[in-house]
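# Dropping the sequence and predicted coords here.
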Amino acid sequence: MNGIVSNFTASYSVVSVNSTTYEVNVIDILPSQTYSTTVWLLKDGTVVALDLAGHDFTGTSASTFFQKYFSPWETELAFGQKILTYASSSYFRSTGTSSVTLGPTTFTVNNYAPSSLPETIPGCNGASITLTSGSNFSVGTPSGSTYPLITYINAVGSGTVISSSGTPTAIAYNFTAQITSVTVT
């Protein structure tokens, strides 16, 4: 299988919050370029608009773009409250707690690993993920917040994705995503 390797730093900050919407600014720093994106999301995680370097996307286009390029943030925003449900499933086991310092914020996280290796997690319509050695993640709620964050995830394995036409495709992956700073306001 051909692989894609990418290495970049990204950060995001909440620009504004009202009763229904978050406005979030995402900065991606790649080896050759820096991108600034502003995204407007409903509190349920639905993307309503996105501005990337002056190019505006709305509706389905904004949602598709966001899902394709900003999946860690989408996961945090749309599924942050649900992650503890996944962590308590039979596919994962607790490996204890630890204290993390992310920028100015220190708090306790719960650490998880697959219950067994390899661990296959079925998805919808025949899709699946098989986690292998090295896979783990940490979840915690910063002091002053009620929103759990996936502070670290390392996923190594393979899987099957199903295209919109129903065609299965095998994939292999090895990725790490980590939050390095959190400020609760």
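Perfect, thanks for sending it.

# C-alpha from now on. contacts and neighbour counts both.
Noted.

# List the buried residues in the longest helix belonging to the chain.
Ranked by residue count under DSSP state H, the longest helix found in the chain is helix 59-69. By neighbour count, and taking 16 or more other Cα atoms under 10 Å as the criterion, the buried residues in helix 59-69 are 62, 63, 65, 66.

# Format these as CSV; extra columns: distance to residue 42.
Below are the buried residues of helix 59-69 laid out as CSV (distance: Cα to Cα, whole Å):
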residue, distance to residue 42
62, 13
63, 11
65, 16
66, 13
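
# Quickly list the domain ranges of this protein.
The chain breaks down by automatic domain parsing into domains covering 1-70, 80-185.

# Let me have those in TSV, extended by mean pLDDT.
Output for the domains of the chain, formatted as TSV (pLDDT from 0 to 100):
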stretch	mean pLDDT
domain 1-70	78
domain 80-185	82
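
# Could you list the alpha-carbon positions for stretch 103-118 in CSV?
What follows is stretch 103-118 as a C-alpha-only set of coordinates in CSV (Å, rounded to 0.1, in the frame of the first residue of the first chain):
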residue,chain,number,x,y,z
GLY,A,103,0.3,24.7,28.4
PRO,A,104,-1.0,26.5,31.5
THR,A,105,-3.4,23.7,32.4
THR,A,106,-2.7,20.6,34.5
PHE,A,107,-5.3,17.9,35.0
THR,A,108,-5.8,14.2,35.3
VAL,A,109,-6.5,12.0,32.3
ASN,A,110,-7.7,8.4,32.0
ASN,A,111,-5.6,6.2,29.8
TYR,A,112,-6.9,3.4,27.6
ALA,A,113,-5.6,0.7,25.4
PRO,A,114,-7.2,-2.0,23.2
SER,A,115,-8.6,-4.9,25.3
SER,A,116,-6.6,-7.4,23.3
LEU,A,117,-4.3,-7.3,20.3
PRO,A,118,-5.2,-7.2,17.5
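
# Need the residues that contact that stretch.
Stretch 103-118 has contacts (Cα atoms under 8 Å, 6 or more residues apart in numbering) with 87, 90-101, 130-133, 135-143, 151, 180-184.

# just stretch 52-69 next, same as before
For stretch 52-69, the external contacting residues (Cα under 8 Å, 6+ apart) are 35, 36, 37, 38, 46, 47, 48, 49, 50, 51, 74.
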